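J.: Compute the structure for the input listed below.
(2 chains)
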Amino acid sequence: GAVVSQHPSRVICKSGTSVKIECRSLDFQATTMFWYRQFPKQSLMLMATSNEGSKATYEQGVEKDKFLINHASLTLSTLTVTSAHPEDSSFYICSARDPSGGPLTGELFFGEGSRLTVL
Amino acid sequence: AQTVTQSQPEMSVQEAETVTLSCTYDTSESDYYLFWYKQPPSRQMILVIRQEAYKQQNATENRFSVNFQKAAKSFSLKISDSQLGDAAMYFCAYGSSNTGKLIFGQGTTLQVKP
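T.: Okay, the predicted model is just below:
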């Protein structure tokens, strides 16, 4: 089946630095990817929709300048947490849709997630 | 805006028994999809079952089945013959055919007792 890979799986950084998380679709071209944030034992909150070749669409309340999303190719989307602070510590999960099942209804595949800890 | 509600933060079932997880949702869209995902301790999201809203027949995948009540906007998951490996957090999710977004409920932690 289709695979989505995230890297790094764990990252620890100092407050004030920026961290980049990569999301790759390994065996299909993903025109749309989604980024989620999950706090411990809580739900996945949609942060933004990443569209290849265009600007990301952010959900209400998500700071665009804090969470920079780039979808430069059909297989790669990146999330950069800029000037990270301890409150940004969380589990970030990306997902990509396999368009072979339909542009809006093709199955959504999830990455393994990236745990960010900001000291 | 669409919302998904799971009112059971935690559930427990005896191994080999049956358990039902509840989910309700709210939407004004007519075309959508509903999903149940499993998230084990590894945090990897695993699709359990999927239901197209236009289909009246309830989806079934081996030991997993749903009770889809469109008018009531209810979408419960039944797990039969529960196994220890079923222990995980289960998320109900709404998929919009308009935007392609997936909106998740709060999750239900399922414990399976041997």
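
J.: CA only for contacts and neighbour counts going forward, please
T.: Noted.

J.: Who does the helix or strand bottoming out on mean pLDDT in chain A pair with, and is each partner parallel or antiparallel?
T.: Here the helix or strand of chain A ranked lowest by mean pLDDT, DSSP states H and E is strand A:108-110, holding a mean of 89. Take DSSP bridges as the rule and strand A:108-110 pairs in its sheet with strand A:90-97 (antiparallel).

J.: what's in contact with the partner strand?
T.: A:4, A:6, A:23, A:25, A:30-40, A:103-104, A:106-117 (CA atoms under 8 Å, 6 or more residues apart in numbering or on different chains).

J.: Would you map the strands across chain A?
T.: Assigned by DSSP state E, the strands in chain A fall at A:4-7, A:10-13, A:19-25, A:32-38, A:44-51, A:57-58, A:67-73, A:76-81, A:90-97, A:108-110, A:114-118.

J.: okay, those strands in CSV with mean neighbour count next?
T.: Below are the strands of chain A laid out as CSV (neighbours: other CA atoms under 10 Å in any protein chain shown):
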stretch, mean neighbour count
strand A:4-7, 21
strand A:10-13, 14
strand A:19-25, 22
strand A:32-38, 23
strand A:44-51, 23
strand A:57-58, 16
strand A:67-73, 19
strand A:76-81, 22
strand A:90-97, 26
strand A:108-110, 23
strand A:114-118, 21
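
J.: Number of residues surrounding residue B:7?
T.: 14 (other CA atoms under 10 Å in any protein chain shown).

J.: my guess is it meets residue B:21, correct?
T.: No - the pair residue B:7 and residue B:21 does not pass the contact test of CA atoms under 8 Å, sitting 9.0 Å apart.

J.: just the residues of chain B that are near chain A, which are they?
T.: When proximity is defined by CA under 8 Å from any CA of the partner chain, chain B lies next to chain A at B:33, B:43-46, B:91, B:95-107.

J.: one step back: want to try CSV for the strands of chain A, with distance to residue B:26 as columns?
T.: CSV is the format used below for the strands of chain A (distance: least, CA to CA, whole Å):
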stretch, distance to residue B:26
strand A:4-7, 30
strand A:10-13, 35
strand A:19-25, 30
strand A:32-38, 21
strand A:44-51, 17
strand A:57-58, 22
strand A:67-73, 29
strand A:76-81, 30
strand A:90-97, 23
strand A:108-110, 21
strand A:114-118, 30
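
J.: can you pull the contacts of residue B:67?
T.: B:58, B:74, B:75, B:76, B:77, B:78.

J.: Quick check: closest non-adjacent residue to the third one.
T.: Leaving aside its chain neighbours, residue B:75 sits nearest to residue B:68 (4.6 Å; criterion: CA to CA, 6 or more residues apart in numbering or on different chains).

J.: Beta-bridge partners for residue 21, please?
T.: Just so you know, I chose chain A. Under the criterion used (DSSP bridges), residue A:21 bridges to residue A:79.

J.: my question was about chain B
T.: residue B:77.

J.: That one contacts residue B:77, doesn't it?
T.: Yes - applying CA under 8 Å, one finds residue B:21 in contact with residue B:77, separated by 5.1 Å.

J.: Flag the shaky bits of chain A, pLDDT-wise.
T.: By pLDDT under 70, the low-scoring segments of chain A are A:1-2, A:101-106.
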